[in-house]
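# can't give you the sequence, but here's the structure:
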């Protein structure tokens, strides 16, 4: 599958603009925001979440779904096995990618965007998603500040067109700014709909205190990955530009970090929606 694109009237006023080549990727900057990890606390929280989480695997496989990803690869990391389970069950899944991913890895923005699009296509082929199952929004990687209203409107437009049973998105508590903004915009877009909204953690895994706060807000839901872990690894590997070879590499997703997503389950936190959009 080649580059995947979608056109929305709500985002027609948000063209991708040229800009200088960045010396550090948005992924590296996001990693800086996470700070040092606490392995012992991570282990305790992992065990607690697995013991207290509710297994919703069977019910989840029957719910049509919109997966909202801030960048190409977040959908695979956070919900790859869940997507594949739904697809295998014949349940409709649509993927909405909010940004062009153009700032990771460092390089010419147009070339990086094309590379990320090709990687997204390869990952979607493994996940079982066709080109028509994917919508790309023309927002720029790491430039969502000030675009929240337009982003929420674009997401609301896709939700209205797709009409899913549930929406999966990154959490507002994610320390990566793009992830947090996309999570907040999705909650706004769903205000008053009564739809199920669930947040999947990404960078919180290396900031376990944030996972603790999510868990304290309410129950967590688990979707088993058995039967899909090998395929998920292949889908993750499709994003070669995002991978770091070693744990001390300054750029890319390090092997230790990727282990957070190669587990017996994928983790989701139900999000309470406002009754109506109040600009939250």
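That came through, no problem. If you're wondering where the values come from, they're calculated on a predicted model, not measured in any experiment.

# what's the average pLDDT for the strand or helix carrying residue 47?
Assigned by DSSP states H and E, residue 47 belongs to helix 39-52. The average pLDDT for helix 39-52 rounds to 85.

# what packs against that helix?
helix 208-217 (3 or more Cβ pairs under 8 Å, 6 or more residues apart in numbering; DSSP states H and E). Every residue, glycine included, has its C-beta placed from N, CA and C.

# 10 Å instead?
Helix 39-52 is packed against helix 208-217, strand 221-224, strand 265-270, with contacts defined by 3 or more Cβ pairs under 10 Å, 6 or more residues apart in numbering; DSSP states H and E.

# residues in contact with the first one?
Just to be clear, that refers to helix 208-217. With Cβ atoms under 10 Å, 6 or more residues apart in numbering as the test, helix 208-217 has contacts from 34, 37-46, 48-49, 52-53, 171-175, 199, 201, 203-205, 207, 220, 267-272.

# beta partners for residue 93?
Here residue 93 sits in beta bridges with residue 65, going by DSSP bridges.

# please list all residues in contact with it.
Here residue 93 is in contact with 63-67, 75, 79, 82-87, 127-129, 133-134, 162, 164, 168 (Cβ under 10 Å, 6+ apart).

# again, 7 Å this time
The contact partners of residue 93, taken as Cβ atoms under 7 Å, 6 or more residues apart in numbering, are 65, 67, 83, 86-87, 129, 133.

# residue 99 now?
Residue 99 neighbours (Cβ under 7 Å, 6+ apart): 70-71, 139-141, 178.

# quick revisit: now distance to residue 94 and mean neighbour count too, for the helices and strands packed on helix 39-52, in TSV please.
Conversion of the helices and strands packed on helix 39-52 to TSV gives the following (distance: least, Cβ to Cβ, whole Å; neighbours: other Cβ atoms under 10 Å):
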stretch	distance to residue 94	mean neighbour count
helix 208-217	25	16
strand 221-224	18	22
strand 265-270	17	23
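
# and the ones you listed: which comes nearest residue 116?
Among the helices and strands packed on helix 39-52, strand 265-270 comes nearest to residue 116, with 22.4 Å by Cβ to Cβ.

# circling back: which residues are contacting the helix holding residue 47?
208, 211-212, 215, 220, 265, 267.

# again, 10 Å this time
38, 201, 204-209, 211-212, 214-215, 219-220, 222, 256, 260, 263-265, 267, 269.

# any stretches of this structure with poor pLDDT?
1-37, 277-280 (pLDDT under 70).

# quick one, helices of the stretch 51-200 of the chain?
57-61, 74-88, 109-127, 148-162, 177-189 (DSSP state H, counting those that start in this stretch).

# pick the most buried one from those.
Greatest average neighbour count among those goes to helix 74-88 (a mean of 26), per mean count of other Cβ atoms under 10 Å.
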